[in-house]
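>>> my questions concern the predicted model and sequence given below.
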Amino acid sequence: MNNLENQGGVNKSGINWFPGHMAKARREISERMKVIDIVIELVDSRAPYSSKNPMLNDIINQKPRLIVLTKKDMSDDEKTKQWVHYYESIGYQAMSVNLKNFNEYQKIIEKCRKVLKPKMDKEKARGIKPRAIRAMVLGIPNVGKSTFINKLANRKATVTGNKPGVTKAQQIIRVAKDFELFDTPGVLWPKFEDEHIARNIALLGSIKQDILPLDDLFVYVMTYLTKYYPDLLKERYGLEIDLDDSDWLLKAFDHIAQKRKIKLLRGETDYDRVIQLVFSEIYDGSIGKVTWEDYTCVKD
Ligand SMILES: Nc1nc2c(ncn2[C@@H]2O[C@H](COP(=O)(O)OP(=O)(O)OP(=O)(O)O)[C@@H](O)[C@H]2O)c(=O)[nH]1
């Protein structure tokens, strides 16, 4: 996976991110920057560093930004708190949400108002007529961008039409008296820097799994869960792993297969089915609340 940043990469839909696509996404977002007040950057709370675009700082420059850690219902509560605290400690506004819960949307809008209050007050003092805050949502694939926009749009939206500097395909919708949003998100490429990050993103379901060897990923997952979330393995599969046992992996496969009544394949445990089962439970969150990285992993 080394140096994929320069070569592009693949996301879960199989979309290739080549330098040309990256340049286009970058250009489109830079264009919108001219007409917005705040960027709402969505990241997945299960891997809040790996799911951040590596070049966002350059792209949005000095625009106010709110980092929203989505899917908090699927991540480790304590770790999520630490991540929010971490981003705040380095000068960002940050919060965590479950986008399936509509009440949380008001909190996001409220936070944007708070961030922009000094700017709006300044404009008022200069005699400028009060106006709606304008925001755009962006993030890598699968972090919840469409969920966010659609939920707000379905409830309240009135299309306010094209604005100067905005192409026809990009409409701005009013979701509250004082709050407007682009109706399409900015889609950014994920980090492809190193294997650790690619692995975390694969565990979120943001990139096509088959670019990573699934059996390696399975070993990683079992080891990680045994170290940090042994209770989840016990609850979900009745499984206790002793990593010092050289046979632990085969035993884990057999155990899960038996527990979940996965039929034998030619007289042997069907390893692929076990792997598929575990990954599907990771993606849909039924495995339990897991965070795949700690804020101490941040490199930049
Ligand atoms: N449990 C949970 N699921 C969420 C949350 N936010 C989004 N999802 C789910 O995550 C999946 C991806 O959400 P989308 O809104 O399609 O993500 P996106 O960023 O628009 O993805 P792309 O279209 O690939 O760029 C969907 O199945 C959503 O229902 C959340 O806070 N909690």
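Structure received.
>>> tell me where the stretch 51-200 of the chain has strands.
65-70, 93-96, 133-139, 158-159, 172-176, 179-182, 186-187 (DSSP state E, counting those that start in this stretch).
>>> now residue 255: which helix or strand?
Element membership of residue 255 [criterion: DSSP states H and E] is helix 248-259.
>>> same for that helix, what does it pack against?
Contact here means 3 or more C-beta pairs under 8 Å, 6 or more residues apart in numbering; DSSP states H and E; on that basis helix 248-259 packs against helix 214-228, helix 230-237, helix 271-283. For the C-beta atoms, the positions are set from N, CA and C on the backbone; glycine is no exception.
>>> want to throw the ones you listed into a markdown table with distance to the ligand?
What follows is the helices and strands packed on helix 248-259, written out as a markdown table (distance: least, C-beta to the nearest ligand atom, whole Å):
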| stretch | distance to the ligand |
| --- | --- |
| helix 214-228 | 19 |
| helix 230-237 | 16 |
| helix 271-283 | 9 |
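>>> same list (those) but as a markdown table, adding mean neighbour count and distance to residue 133.
Formatted as a markdown table, those follow (neighbours: other C-beta atoms under 10 Å; distance: least, C-beta to C-beta, whole Å):
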| stretch | mean neighbour count | distance to residue 133 |
| --- | --- | --- |
| helix 214-228 | 16 | 39 |
| helix 230-237 | 16 | 40 |
| helix 271-283 | 17 | 34 |
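>>> could I get these as a markdown table with distance to residue 33 and mean pLDDT?
Output for the helices and strands packed on helix 248-259, formatted as a markdown table (distance: least, C-beta to C-beta, whole Å; pLDDT from 0 to 100):
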| stretch | distance to residue 33 | mean pLDDT |
| --- | --- | --- |
| helix 214-228 | 37 | 95 |
| helix 230-237 | 41 | 97 |
| helix 271-283 | 33 | 95 |
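>>> so can I have JSON lines of these showing distance to residue 299?
Below are those laid out as JSON lines (distance: least, C-beta to C-beta, whole Å):
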{"stretch": "helix 214-228", "distance to residue 299": "19"}
{"stretch": "helix 230-237", "distance to residue 299": "28"}
{"stretch": "helix 271-283", "distance to residue 299": "25"}
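>>> any idea which helix is longest in the protein?
Using DSSP state H, we find that the single longest helix of the chain is helix 103-125.
>>> quick one: mean pLDDT for that helix?
The average pLDDT for helix 103-125 rounds to 94.
>>> interface residues of this structure facing the ligand?
Residues of the chain found near the ligand (C-beta under 6 Å from any ligand atom) are 70-71, 73-74, 98-100, 139, 141-147, 187, 285.
>>> for residue 162, give me the pLDDT.
Looking at residue 162, the pLDDT reads 41.
>>> leaving out chain neighbours, which residue sits closest to the closest residue to the ligand within the stretch 201-300 of the chain?
Residue nearest to the ligand within the stretch 201-300 of the chain: residue 285 (5.8 Å; C-beta to the nearest ligand atom). The shortest distance from residue 285 to any non-neighbouring residue, by C-beta to C-beta, 6 or more residues apart in numbering, is to residue 74 (4.0 Å).
>>> contacting residues for that neighbour?
For residue 74, the contact set (C-beta atoms under 8 Å, 6 or more residues apart in numbering) comprises 45-46, 285, 289-290.
>>> which ChimeraX command selects the buried ones in those residues?
Buried residues within these, by 16 or more other C-beta atoms under 10 Å, are selected in ChimeraX with:
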select :45,46,289,290
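>>> check contacts around whichever residue of the stretch 151-300 of the chain sits closest to the ligand.
At 5.0 Å from the ligand, residue 187 is the closest residue in the stretch 151-300 of the chain, using C-beta to the nearest ligand atom. Contacts for residue 187 (C-beta under 8 Å, 6+ apart) come out as 25, 138-141, 145.
>>> how about a cut-off of 10 Å?
Going by C-beta atoms under 10 Å, 6 or more residues apart in numbering, residue 187 touches 11, 15, 17, 21, 25, 28-29, 53, 137-141, 143, 145-146.
>>> in a markdown table, list the strands of the stretch 51-200 of the chain along with mean pLDDT.
Output for those, formatted as a markdown table (pLDDT from 0 to 100):
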| stretch | mean pLDDT |
| --- | --- |
| strand 65-70 | 97 |
| strand 93-96 | 97 |
| strand 133-139 | 95 |
| strand 158-159 | 44 |
| strand 172-176 | 91 |
| strand 179-182 | 94 |
| strand 186-187 | 89 |
